[in-house]
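Visitor: please find the sequence and the predicted model below.
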Amino acid sequence: MGPIAVFDSGVGGLSVLRELVAQMPSEHFLYFGDSANAPYGTRPTAEIRSLTLAHAERLFDRGAKALVVACNTATSAAIGALRARWPERVIIGIEPALKLAVSRHPGGCIGVLATEATLREEKFAALLQRCAENCHILKCPCPELVEFVERGELDSPALTAYLARQLGPYAGRVDAAVLGCTHFPFARRAIRAALGGAAALYDGSDGTARETLRQLVRRGWIRGGSRGIVTLENSRPSELPLSRRLLALPRED
């Protein structure tokens, strides 16, 4: 049985891959990052959908038994089209962990950090509308943060200055922040510092991994035995050393 394919617009989805490997250590994984076309978050929706469908087709052609779209932007733009094209496949998308944050901070103020594409999509708008009844929710666009992570720039003075500009208005105001892009967990420390250190941070990696496991168990597609193999690929091969470094970073709460 083939690997679980994990797709992202670049290196951000490695934050999801780390959680998938932690929950399913015996599985084989094939990770593909499209850094040559990153960031997706500033592209038109139709272009994001086209890129995602093309990469999914190649991954399925290589024998993937499941596809995890480890990209909030690609999930928002293309998850419906993916499932319509491959209705019999296991296709898991990711969404901002907004429901979790709201459940843990009822009546509080929640900031959602995301790309412009994620924030404008109907899928996110519907999620926000459902959750806004119980919390005050603030949209916090951070369009350039993806590019900092794509460069492996996780703690530089430039990153600190950028986050101070973007998140300074929300510092001390939010009880929690939802990291609505899979790149963002790699900058957790810098984000927490920019928000004043007190805000709880949430991302969708754990929930995505648990749903993937559930779907595979339901179909009897779980691989047993020895530890699986993780294969990393990127449309820009020069990104592979950074990919290996990010994958090896410890997961943070």
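Guide: Nice, I can see it. Numbers count the residues shown, from 1 in each chain.

Visitor: shaky segments in the stretch 151-253 of the chain?
Guide: Within the stretch 151-253 of the chain, the ranges that satisfy pLDDT under 70 run 253.

Visitor: where do the strands sit along it?
Guide: Secondary structure of the stretch 151-253 of the chain by DSSP state E, counting those that start in this stretch: the strands cover 176-179, 200-202, 230-234.

Visitor: deepest-packed of these, please.
Guide: Neighbour counts (mean count of other Cβ atoms under 10 Å) averaged over each of those peak at strand 176-179, with a mean of 26. Yep, even glycine has a C-beta here, placed from its N, CA and C like the rest.

Visitor: so what strands line up beside it?
Guide: The pairing partners recorded for strand 176-179 under DSSP bridges are strand 109-114 (parallel), strand 200-202 (parallel).

Visitor: could these go into CSV alongside distance to residue 72?
Guide: Listed next are the strands paired with strand 176-179 as CSV, based on distance: least, Cβ to Cβ, whole Å:
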stretch, distance to residue 72
strand 109-114, 6
strand 200-202, 13
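
Visitor: which among these is found nearest to residue 238?
Guide: strand 109-114 (27.0 Å; Cβ to Cβ).

Visitor: elements contacting the very next helix or strand once past that closest one?
Guide: As assigned by DSSP states H and E, the chain's next helix or strand after strand 109-114 is helix 116-120. Packing partners of helix 116-120 (3 or more Cβ pairs under 8 Å, 6 or more residues apart in numbering; DSSP states H and E): helix 72-85, strand 136-141.

Visitor: neighbouring contacts of the helix or strand following the first one?
Guide: Just to be clear, that refers to helix 72-85. Per DSSP H and E, the first helix or strand lying C-terminal to helix 72-85 is strand 90-92. For strand 90-92, contacts defined as Cβ atoms under 8 Å, 6 or more residues apart in numbering pick out 56, 65-69, 79, 82-83, 208, 211-212, 215-216, 219, 221.
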